[in-house]
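Asks: Give me a 3D structure for the following:
(one chain, ligands or ions: 1)
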Amino acid sequence: MSAQPDNSKDPLAPYEDLIVFIDGEYVPAREAAISVFDHGLLYGDGIFEGIRLYAGCVFKLDEHLDRLYDSARYLNLTIPIPQPQMREVVCETCRRNGLTNGYIRLVVTRGPGTMGLAPWLCPRPSVVCIAASIQLYPKEYYEKGLEVVCAATRRTYIGAFNARCKSLNYLNNIMAKIEGHNAGCLEALMLDQSGFVIEATGDNVFLVKGGRITTPPTYQGNLRGITRDFVVELAREAGHEVAEEPITTFEVYTADECFLTGTAAEAIPVIKVDGRPIGDGKPGPITRALIAAFRARTATDGVMLHPSEAVRS
Ligand code: PXG
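Replies: Okay, the predicted model is just below:
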């Protein structure tokens with residue numbers, strides 16, 4: 001399978017009528033532009049968050065903002081908008097687009113600067129907020145599960161860059177995603193330098209064995225997913241034992257169940273890894289129950305866009 005793009009369609013067509021927040025203003029999408037000298041473009045120097053809007057509530061908004069501001073601190077990047085105001089930017093972008101359900105992309109770049117790496121020569125970081133709709137995986141995969149492979153490309157070593165910082169440089173993940181695609185899969189698992197399976201290219205990974213749930217700890221160079229933390233909470237509430245422990249391909253291939261979690265993907269079953277069926281090769285009961293619990297809570301655990309209307313109704 002080729003990773004070359006399909007040029008027959010305009011991928012931006014669905015975004016034509018959007019209102020986008022950029023550097024303090026809400027403007028039509030076609031007018032929202034970042035400088036060609038922005039270090040976000042020149043060096044991938046910047047950070048982002050992907051956030052979901054469910055039934056008029058921004059899901060885990062404060063958790064996403066905490067992670068965004070921590071990512072900024074890691075990079076010694078000063079976000080020009082204080083966190084409480086950023087909360088309002090996210091909500092207002094959703095309101096201006098009349099959204100009830102959607103996907104929010106919040107991006108902070110280092111801003112325009114001279115053509116050298118030096119971030120201290122970039123005086124004005126840029127802030128962009130886009131709110132639109134998303135469908136990462138076709139619906140049928142939530143019923144029948146995904147097949148994945150383990151990518152040969154290792155996850156960036158934490159001594160080089162700690163992926164707990166959600167940066168604009170996703171080339172490590174994209175290399176693995178291409179490997180998955182070339183193997184006919186929509187996702188790929190990634191291993192760290194020592195051979196531990198630590199996450200997928202854009203999702204965290206969970207296993208179930210003998211009723212016990214495991215997921216890798218977040219000191220191995222993976223992203224501490226907000227969906228991951230929520231699913232751990234849901235699983236414990238449902239009475240399951242959940243352990244954060246390193247996993248290898250042995251644990252993956254011999255698991256009863258496997259699933260992935262992420263803001264875009266939510267929770268999705270994995271039924272085959274490297275050609276080996278997981279369990280009986282069908283989404284397992286604990287995975288299915290957690291997906292149902294996740295869906296039941298997404299509409300109630302968020303920051304309301306229109307709190308006054310909720311009080312009236
Ligand atoms: N690991 C990585 C490497 C991620 O990028 C997750 C785990 C899950 O984290 P959250 O907090 O979302 O539960 C992510 C987040 C995409 C896409 O288009 C993926 C993410 C974010 C935005 C877009 O696949 N993944």
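
Asks: which ones are touching Phe161?
Replies: Applying Cβ atoms under 8 Å, 6 or more residues apart in numbering, we find Phe161 in contact with Ser167, Asn169. Quick note: C-beta positions are derived from backbone N, CA and C, even for glycine.

Asks: Could you list the low-confidence segments of the chain?
Replies: 1-7, 309-313 (pLDDT under 70).

Asks: can you rerun that using 90?
Replies: 1-16, 133-139, 299-302, 306-313 (pLDDT under 90).

Asks: Which parts of it belong to which domain?
Replies: 16-132, 139-297 (automatic domain parsing).

Asks: right, and those - which one's nearest Val303?
Replies: Among the domains of the chain, domain 16-132 comes nearest to Val303, with 4.4 Å by Cβ to Cβ.

Asks: Span of that closest one from start to end?
Replies: 11 Å (Cα to Cα, to the nearest Å).

Asks: before we move on, the earlier item: any chance of a markdown table for the domains of the chain, columns distance to the ligand?
Replies: What follows is these, written out as a markdown table (distance: least, Cβ to the nearest ligand atom, whole Å):
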| stretch | distance to the ligand |
| --- | --- |
| domain 16-132 | 3 |
| domain 139-297 | 3 |
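
Asks: Which among these is found nearest to Met304?
Replies: domain 16-132 (5.3 Å).

Asks: Check the offset of that closest one from the chain's centre.
Replies: Put simply, domain 16-132 sits 15 Å off its chain's centre (Cα atoms, centre = their mean, to the nearest Å).

Asks: what sits against the residue nearest to Phe294 when sequence neighbours are not counted?
Replies: Counting by Cβ to Cβ, 6 or more residues apart in numbering, Phe294 lies nearest to Ala267, which is 5.1 Å off, once chain neighbours are set aside. Neighbouring residues of Ala267 by Cβ under 8 Å, 6+ apart: Thr227, Val231, Phe259, Leu260, Thr261, Thr287, Leu290, Ile291, Phe294.
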